[in-house]
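Undergrad: Can you look at this prediction? I've put the sequence above it.
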Amino acid sequence: MNPDSKIFVAGHRGLVGAALMRTLRAGGYQNILIAAHKDLDLTEQSEVEDYFQKSRPDIVIVAAGRVGGILANQSEPDEFIMENCAIALNVIRAAYSIGVRKLLYLGSSCIYPRMAANPIGEEALLTGQLEETNQWYAIAKIAGIKMCQAFRRRHGCDYLTAMPTNLFGPGDRYDAARSHVLPALIARFHAAKQDGIPSVTCWGSGSPRREFLYVDDLARACLLLLENETVEDLFNVGFGSDTTIKELAEMVKQKVGYEGEIDWDESKPDGTPQKLLDSSRIRALGWRPQVSLGQGIELAYRDFLENNPLACAERNGRLALASC
C-alpha cells in the first residue's frame, strides 16, 4: 500500500467508515473512493460489479452494514441477515473479479459464542452457540469472515478481518430504538436532564460486562493491518478491559450531568454475560488504544451536542424503548 493507492471505503458515512476516512487522510492517503447509497446500493450485485469495473480500486475496506442494538436485531432479523450477507458477498466477489489483492472486512465481537471463555481469542470462532439476541447479525458477519478466508486459501488474496469490540465515538447513531448501549445512554440521560425527568429506565439487570473502544483507535488498528503483511487473517481489536453496563450507565450519567435515578427493567434481556476480547495478536504488531473510556465518553457527548440537535427534543416515552 502506497500513498497513491486507490482505496475504496464501503460505508464511509457510518461510525467506522468516517473514522477510517479521518485516519487514512491523516496518514497521507488522499486517493480515497466513496459512493453514497443513492449512487451505489451494496446489496445489489450488478451495481457493485459495475462500480468496481469502472473505479478499479487497489484496496477495499468493507465497513458497510446494517447495525443496531438488541431491539433492532429482534425486530428485523430477516433484514439484518440478508443485507449484511449481500454486502459481504457482493463486495468481496467484485473485489476479487478485478484483481484486488488487499481487502479488510470489518466484523464484530458478537460472532463469538455466548459462553466463550474470556478474554476471547480468535480461535473461539464457531466453537459454541451464539447469543440469541443478535444471532442474525452474527451469522452474516461470520459468513463475511469465511468468504475472506476462502478467497485467501484458494487464491492467495490478502483478505483480512478486523474484529472490533463495542465501538463508540463521533458520528455515532443516537437513535433510542436502534442504537447500541453507549450512544443510547447518552441520548437518554441528556433528554432526561433537559426535561427534568426524575428517572431513566434501562434494559436488563446492568450486570453484563462489556468492553468499549473509541472508534478512531479501531481505525488506527485497521491502517496498521493495511500497511503490513500478516500471517494471520483474523484480528481482534479491543480496549483490553471491560466494565459492567451498570458502571457504564453511572459513568455516562456523570459525564452528561444528569442527577436523576437509574431504574433497571430486569424483564428485558441482558444479552451475553461477558464479552472481553483477547487482542494480543494486534498488540503484537505494535497497536495500542490511545483514548480511555472516560475521555471517549466526553468526546462522544460533545459530538452529540454539536451534531445531533434533534436528539435534544426526544421525550421520555420514546427514549424508554432503547436497548441496553
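TA: Cool, got the structure.

Undergrad: Spit out the contact partners of Leu224.
TA: When the contact criterion is CB atoms under 8 Å, 6 or more residues apart in numbering, the partners of Leu224 are 282, 285-287. Using the backbone N, CA and C atoms, a C-beta is placed for each residue, glycine as well.

Undergrad: Toward the C-terminus, what is the element adjacent to the helix or strand containing it?
TA: Element membership for Leu224 (DSSP states H and E) is helix 215-227. Toward the C-terminus, helix 215-227 is succeeded by strand 234-237 as the next helix or strand (DSSP H and E).

Undergrad: List the contacts of the nearest residue to Leu293 once chain neighbours are set aside.
TA: For Leu293, the nearest residue in space outside its immediate sequence neighbours is Phe212; the separation is 5.6 Å by CB to CB, 6 or more residues apart in numbering. The contact partners of Phe212, taken as CB under 8 Å, 6+ apart, are 165-168, 182, 239, 243, 248, 293, 296.

Undergrad: Identify the farthest-apart pair in those residues.
TA: Pairwise distances among those were taken by CB to CB; the largest, 14.8 Å, belongs to Leu167 and Thr243.

Undergrad: right, and Arg210 touches Pro273 too?
TA: No: with contact taken as CB atoms under 8 Å, Arg210 and Pro273 are classed as non-touching, separated by 10.2 Å.

Undergrad: Quick check: bridge partners of the closest residue to Ala95 other than its chain neighbours?
TA: Spatial nearest neighbour of Ala95, excluding adjacent residues (CB to CB, 6+ apart): Val60 at 4.6 Å. Going by DSSP bridges, Val60 is paired in beta bridges with Phe8, Leu103.

Undergrad: So, low pLDDT: which residues of this protein?
TA: Low-confidence regions of the chain, defined by pLDDT under 70, span residues 68-71, 176-178, 309-324.

Undergrad: how's it carved up into domains?
TA: If you go by automatic domain parsing, the domain ranges for the chain are 7-168+212-237, 181-209+242-273+293-319.

Undergrad: Give me the subset of the contacts of Phe212 lying in helices.
TA: In this view, the contacts of Phe212 that belong to helices under DSSP state H are 182, 248, 293, 296.

Undergrad: Taking the centroid of this structure, which residue is nearest it?
TA: For the chain, the residue nearest the mean C-alpha position is Leu167 (5.4 Å; CA atoms, centre = their mean).

Undergrad: Would you confirm that that one contacts Val16?
TA: Yes: when contacts are counted by CB under 8 Å, Leu167 is listed as touching Val16 (6.7 Å).

Undergrad: any common contacting residues for these two?
TA: Residues touching both Leu167 and Val16 comprise 215, 218, with contact defined as CB under 8 Å, 6+ apart.

Undergrad: Walking through this protein, point out its strands one by one.
TA: For the chain, strands defined by DSSP state E occupy the ranges 7-10, 32-33, 59-62, 102-106, 158-164, 166-168, 199-203, 209-210, 212-214, 234-237, 243-244, 261-265, 274-275.

Undergrad: Out of those strands, which is the most enclosed?
TA: When neighbours are counted by mean count of other CB atoms under 10 Å, the highest per-stretch mean among these falls to strand 59-62, a mean of 26.

Undergrad: can you give me how far that one is from the chain middle?
TA: Relative to its chain's centre, strand 59-62 lies at 15 Å (CA atoms, centre = their mean, to the nearest Å).

Undergrad: which strands and helices sit next to it?
TA: strand 7-10, helix 77-97, strand 102-106, helix 215-227 (3 or more CB pairs under 8 Å, 6 or more residues apart in numbering; DSSP states H and E).

Undergrad: Could you give the separation of the shortest one from the chain centroid?
TA: If I follow you right, that is strand 7-10. Between the centre of strand 7-10 and the centre of its chain there are 16 Å (CA atoms, centre = their mean).

Undergrad: quick one: contacts of that strand?
TA: Taking CB under 8 Å, 6+ apart as the criterion, the residues outside strand 7-10 that touch it are 17, 20-21, 24, 29, 31-34, 42, 52, 55, 57-64, 87, 91.

Undergrad: so the residue nearest to Leu293 bridges to which residues?
TA: Asn166.

Undergrad: which residues touch Ile61?
TA: Under the criterion of CB under 8 Å, 6+ apart, the neighbours of Ile61 are 7-10, 17, 20, 103-104, 106, 222, 226.

Undergrad: can you do 7 Å?
TA: For Ile61, the set of contacting residues under the criterion of CB atoms under 7 Å, 6 or more residues apart in numbering consists of 7, 9-10, 20, 104, 222.

Undergrad: Tell me the one among these nearest to Ala140.
TA: Lowest distance from Ala140 to these (CB to CB) belongs to Ala10, with 14.7 Å.
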